[in-house]
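*Asks:* need a 3D model of the sequence below.
(one chain, ligands or ions: 2)
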Amino acid sequence: MRRVASRVLARAWTPAAPASSWRTRGVAPIDADARSTSTSTSTSTSTATAASASVSEDDQQRLFEHYASGLRAILAASDVPDLEKTARVRDLVKLRDAMPVKLTHKFWSAQFLAMAFGHELGFAAAHPPALRAIFNLGVAAAERGLVPYQAIRSAHAQLRQLGVLTCDRVDPPPADASAAAAPPPSAWELFASPRLRASVTAAAAALRNESDGGIAVIDDALGPRLAAAVSRALRRHASERRDDFVAGALDRTGRSDVSARGDVVCWLAGDEGLDDDDDADEGGDSCSKKVLASPPPEIRPGDVAQLVRSCVSDHLINALPKNALLPSDAYVANAMLSVYAPGAPGFVKHLDNCGAADPRRITAVYYPNPNPNEEGKSARGVDDGGELVAFPSDASRRRSIAPVGDRLVMFYSDEVEHEVRGVREGVDGERLALSFWFLKPTGFDPSAMRSA
Ligand SMILES: O=C(O)CCC(=O)C(=O)O
Ligand SMILES: [Fe+2]
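*Replies:* Ligands and ions are numbered 1, 2, ... in the order given. All right, here's what the predicted structure looks like:
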């Protein structure tokens with residue numbers, strides 16, 4: 001039987017193939033994560049350092065070579081129909097587990113496998129059956145936290161543009177929210193959400209509007225169906241993974257000062273919910289049944305982290321003037337899930353960005369709190385406390401923002417002071433917030449953000 005490799009690799013590299021730009025997208029230097037989090041002197045410094053990594057360029061090269069040669073070997077040993085089998089995903093998991101570089105979070109290696117896929121798709125561009133099979137393996141890899149969803153989505157967008165591949169799974173048609181027995185939304189649906197794009201675009205417009213005081217508040221950012229799935233995933237993480245949470249800290253001076261805030265926080269790398277613990281139980285074979293289950297039954301916490309890290313970033317960057325923010329693939333940063341218990345004190349007034357060395361420009365906070373449409377759940381209301389109070393330089397624009405479900409707030413990290421009010425004792429459920437910071441480029445000119 002003919003092998004994929006002999007058909008695929010014999011073909012010349014096509015410069016117009018998607019892999020080249022996918023490759024550019026994929027070369028996010030992991031060490032930039034240290035820049036995005038641990039250099040900050042405001043919120044959560046102590047936990048941010050736990051989320052940062054410093055991987056040398058040599059190690060990045062080793063990781064890429066590991067994945068490039070590993071993926072090529074897998075393809076070379078497989079017939080085209082074979083690529084669709086779970087065993088190939090298992091091979092990819094093994095490849096990840098044999099990484100030559102130790103990373104704090106396995107998921108940080110995902111971009112290197114994405115780059116390797118990019119190359120192989122480029123080679124396969126002229127051979128549709130192989131292209132589709134390799135692409136589908138990439139889809140399955142994304143669903144197991146082996147490749148970022150966004151890498152597959154952008155490859156798909158380019159392949160579709162070239163007219164060589166369509167895939168409703170990756171770019172599903174908008175769901176009919178009124179359909180009674182609609183299945184739970186998939187991560188792909190979350191990433192493809194036109195509503196999210198519109199919400200982030202509206203937030204960018206508000207941020208650019210001088211009279212909004214550098215604050216944007218967008219309600220129904222995802223819509224009830226997706227918001228409920230996101231909320232479920234993050235609440236599940238908060239309850240099942242409590243040991244991964246540490247007290248939030250404010251550190252303006254290098255001191256850790258947990259009394260500044262009443263929450264516990266957890267940094268999400270992007271593959272949470274894949275049950276790595278199960279892997280450990282299996283000794284030599286690290287592929288748990290859950291990891292290989294297909295398709296994933298519901299949106300996982302790591303999917304939401306990836307959503308803000310790449311998809312929301314892309315929408316925001318597209319809606320702002322050119323070069324206003326670092327491109328989303330220029331760094332890897334984690335999303336911070338914060339949890340305030342009923343009766344917890346708030347978070348003292350602070351500025352997220354604390355000085356010239358701090359690259360943070362825009363703070364995004366999404367509230368995955370109970371949604372009024374969720375059965376049996378009371379919506380978090382204004383009376384529950386936990387409001388985010390924003391103090392823009394123009395005092396008349398001061399705002400008190402309740403952390404109601406499916407609300408997205410963005411503000412300038414280096415301009416808008418804010419505090420979180422204590423959560424009222426006895427309220428129904430914890431106050432959750434998912435925060436993410438977007439970075440400015442060096443030589444940044446703040447006026448460019450607000451002008452055309
Ligand atoms: O939870 C919030 O509403 C805001 C959190 C915050 O200010 C921070 O983490 O810096
Ligand atoms: Fe803050």
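
*Asks:* hey, where'd the strands end up in the stretch 101-250 of the chain?
*Replies:* Applying DSSP state E, counting those that start in this stretch to the stretch 101-250 of the chain gives strands spanning 215-218, 246-247.

*Asks:* can you add mean neighbour count, distance to ligand 2 and mean pLDDT and give the ones you listed back as CSV?
*Replies:* Every residue, glycine included, has its C-beta placed from N, CA and C. Formatted as CSV, the strands of the stretch 101-250 of the chain follow (neighbours: other C-beta atoms under 10 Å; distance: least, C-beta to the ion, whole Å; pLDDT from 0 to 100):
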stretch, mean neighbour count, distance to ligand 2, mean pLDDT
strand 215-218, 21, 12, 97
strand 246-247, 14, 15, 90
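
*Asks:* need the distance between the two termini of stretch 342-360.
*Replies:* Counting by C-alpha to C-alpha, to the nearest Å, you get 30 Å between the two ends of stretch 342-360.

*Asks:* wait, I meant stretch 318-327
*Replies:* 10 Å.

*Asks:* how about stretch 174-183?
*Replies:* End to end - C-alpha to C-alpha - stretch 174-183 spans 13 Å.

*Asks:* center of this protein, which residue is that?
*Replies:* With distances taken as C-alpha atoms, centre = their mean, residue 306 lies nearest the centre of the chain, 1.8 Å away.

*Asks:* could you chop this structure up by domain?
*Replies:* Annotated domains of the chain cover 4-40+53-161, 187-450 [automatic domain parsing].

*Asks:* could I get the ones you listed as CSV with distance to residue 176?
*Replies:* Below are these laid out as CSV (distance: least, C-beta to C-beta, whole Å):
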stretch, distance to residue 176
domain 4-40+53-161, 22
domain 187-450, 10
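
*Asks:* closest to residue 174 out of the ones you listed?
*Replies:* When the domains of the chain are compared by C-beta to C-beta, domain 187-450 sits nearest residue 174, at 5.9 Å.

*Asks:* whether that closest one contacts ligand 1 - can you check?
*Replies:* Yes - contact of domain 187-450 with ligand 1 is found when judged by C-beta under 6 Å from any ligand atom, involving 338, 347, 352, 365, 388, 403, 418, 420, 433, 435.

*Asks:* gap between the two ends of that domain?
*Replies:* Terminal residues of domain 187-450 lie 33 Å apart, using C-alpha to C-alpha.

*Asks:* quick one: distance of it to the chain centre.
*Replies:* Relative to the centre of its chain, domain 187-450 is centred 10 Å away, using C-alpha atoms, centre = their mean, to the nearest Å.

*Asks:* neighbours of residue 220, just the number please.
*Replies:* 15 (other C-beta atoms under 10 Å).

*Asks:* can you pull the contacts of it?
*Replies:* 195, 199, 227, 406 (C-beta atoms under 8 Å, 6 or more residues apart in numbering).

*Asks:* just those: which are in helices?
*Replies:* Per DSSP state H, helices hold the following members of the contacts of residue 220: 195, 199, 227.

*Asks:* of those, which is the nearest to ligand 2?
*Replies:* Nearest to ligand 2 among the ones in helices among the contacts of residue 220 is residue 199, at 20.5 Å by C-beta to the ion.

*Asks:* my guess is that closest one contacts residue 222, does it?
*Replies:* Yes - Residue 199 lies in contact with residue 222 (C-beta atoms under 8 Å); the separation is 7.4 Å.

*Asks:* which other helices and strands contact the helix ranked longest in the chain?
*Replies:* The single longest helix within the chain, with elements called by DSSP H, is helix 57-76. Applying 3 or more C-beta pairs under 8 Å, 6 or more residues apart in numbering; DSSP states H and E, we find helix 57-76 packed against helix 4-8, helix 86-97, helix 110-124.

*Asks:* where does pLDDT dip in the stretch 151-300 of the chain?
*Replies:* Applying pLDDT under 70 to the stretch 151-300 of the chain flags the ranges 177-181, 250-258, 275-295.

*Asks:* once you drop chain neighbours, what's closest to the residue nearest to the centre of the chain?
*Replies:* residue 270 (4.6 Å; C-beta to C-beta, 6 or more residues apart in numbering).

*Asks:* going along the chain, name the helices of the stretch 201-350 of the chain.
*Replies:* 224-240, 276-281, 289-292, 301-306, 313-319 (DSSP state H, counting those that start in this stretch).

*Asks:* cool, thanks, talk later.
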